[in-house]
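J.: no letters, just coordinates:
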């Protein structure tokens, strides 16, 4: 992408014999919200530290706004609003002193400090040691946003926030995108990423296994449904529906577990004709998304190994 705000090419970093990230390749276009998903230990934090110039690449490189993340680290930091995943704040400072301290690094004052303090309903008067986890997170979010940087790198930004503040943060991110911001969003919460991101990268064991449009991810993900029936029903009636798989059928025939992908309209119409006692339809879980892509990656790797063995 010629207009990419973030460009990563063959980025690799190891910790001695321990794996970090391997041969990462992706770009994030100007004005895009890009989700970065993976379980703990997958390499998300290492990637972010490389983007912020906190780690030196072993191979490859990354650029933000055309600047090398390692060689031009001070200039990169001046263009990025950064929220780390694990925040460590100065306990003896008040919230006001804390944001003033960070504003001073950029020549202060921060132009949008008061706006975000009000949006997130944050009281800057108490000392940080007296703040709840949620208010500490709000303070960290404010320091990332208040400088109006063109690029935002946010690691688990909604962690510790109550549902109302999570919704407000999502709205803030949408508005910042409309103002032209590029946002790199690392999260464990699939629903959060789906609501704002255009594309998502999934990382496993230091390697990116998929980069997908969110619309495609939404159409192909699976949700689990537990159906409790008053009378037994032949599970074949579910298998006949598009996007529905029968996972388990209990011995009494009155308890069926389903995996549902895509639009559930046909399934809901069928359920309306059955003797249902209860129904549990859970949200899409990130683990099932990971497993689908991980299984695909394992299959590709296994086929490559078999091809190499055949050539020998």
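T.: Arrived safely, thanks for sending. What you are looking at is a predicted structure, and each value in this text was computed from that prediction instead of being measured.
J.: so residue 256 sits against residue 250, correct?
T.: Yes. Using CB atoms under 8 Å, residue 256 makes contact with residue 250 at a distance of 7.4 Å. Any C-beta I mention is one placed from the backbone N, CA and C, and that applies to glycine too.
J.: these two: which has the busier surroundings?
T.: Taking other CB atoms under 10 Å, residue 256 and residue 250 do not tie; residue 256 has more neighbours (21 against 12).
J.: which residues does that one bridge with?
T.: Beta-bridge partners recorded for residue 256 (DSSP bridges): residue 227, residue 249.
J.: let me know the pLDDT of it.
T.: pLDDT recorded at residue 256 is 93.
J.: mind listing what it touches?
T.: Neighbour list for residue 256: 226, 227, 229, 233, 235, 238, 246, 248, 249, 250 [criterion: CB atoms under 8 Å, 6 or more residues apart in numbering].
J.: ok, now residue 283?
T.: 191, 223.
J.: go on, residue 132?
T.: Residue 132 neighbours (CB under 8 Å, 6+ apart): none.
J.: which other residues reach the helix or strand containing residue 5?
T.: For residue 5, the element it lies in under DSSP states H and E is strand 4-15. Residues from elsewhere that reach strand 4-15 (CB under 8 Å, 6+ apart): 1, 20-32, 34, 46-47, 50-51, 55-65, 150-151, 182, 184.
J.: give the pairing partners of it; include direction for each.
T.: Going by DSSP bridges, the partners of strand 4-15 are strand 18-29 (antiparallel), strand 59-64 (antiparallel).
J.: lowest average confidence across those strands, which one?
T.: Among the strands paired with strand 4-15, strand 18-29 scores lowest, with a mean of 94.
J.: list the buried residues for it?
T.: Neighbour-count burial for strand 18-29 flags 20, 21, 22, 24, 26, 27, 28, 29 (criterion: 16 or more other CB atoms under 10 Å).
J.: excluding its backbone neighbours, what's nearest the residue lying farthest from the centre of the chain?
T.: No residue in the chain sits farther from the centre than residue 231, which is 41.8 Å out by CA atoms, centre = their mean. Spatial nearest neighbour of residue 231, chain neighbours left out: residue 275 (4.8 Å); criterion: CB to CB, 6 or more residues apart in numbering.
J.: that neighbour: neighbour count?
T.: 10.
J.: indicate which one of the strands paired with strand 4-15 is closest to residue 216.
T.: strand 18-29 (16.0 Å; CB to CB).
J.: which other helices and strands contact the following helix or strand past the closest one?
T.: Using DSSP H and E, the helix or strand that follows strand 18-29 in sequence is strand 33-37. Applying 3 or more CB pairs under 8 Å, 6 or more residues apart in numbering; DSSP states H and E, we find strand 33-37 packed against helix 44-51, strand 182-187, helix 190-196, strand 199-204, helix 286-311.
J.: from the chain's centroid, how far away is strand 33-37?
T.: 5 Å (CA atoms, centre = their mean, to the nearest Å).
J.: contacts for that strand?
T.: So strand 33-37 is contacted by 6, 26, 28, 44, 47, 173, 177, 182-188, 190, 193, 196-203, 214, 286, 289-290 (CB under 8 Å, 6+ apart).
J.: list only buried entries from those.
T.: Buried by 16+ other CB under 10 Å: 6, 26, 28, 44, 47, 173, 177, 182-188, 190, 193, 196-203, 214, 286, 289-290, out of the contacts of strand 33-37.
J.: what bridges to the residue positioned nearest the centre of the chain?
T.: Residue closest to the mean C-alpha point of the chain, counted by CA atoms, centre = their mean, is residue 187 at 3.0 Å. Counting by DSSP bridges, residue 187 forms beta bridges with residue 37.
J.: who are the neighbours in contact with residue 192?
T.: Shown in contact with residue 192 (CB under 8 Å, 6+ apart): 158, 166, 170, 185.
J.: ok, the last one touching residue 151?
T.: Okay, so that is residue 185. No. With contact defined as CB under 8 Å, residue 185 does not reach residue 151; the gap is 11.7 Å.
J.: circling back to that earlier point, worst mean pLDDT among the helices and strands packed on strand 33-37?
T.: Among those, helix 286-311 scores lowest, at a mean of 56.
J.: how's the chain carved up into domains?
T.: Per automatic domain parsing, the domain ranges recorded for the chain read 4-218, 222-281.
J.: neighbours of residue 178, how many?
T.: Residues contacting residue 178 under the criterion other CB under 10 Å number 9.
J.: rewinding a little: dump the buried residues of strand 18-29 to a markdown table, plus distance to residue 218.
T.: Formatted as a markdown table, the buried residues of strand 18-29 follow (distance: CB to CB, whole Å):
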| residue | distance to residue 218 |
| --- | --- |
| 20 | 31 |
| 21 | 27 |
| 22 | 28 |
| 24 | 24 |
| 26 | 20 |
| 27 | 22 |
| 28 | 20 |
| 29 | 20 |
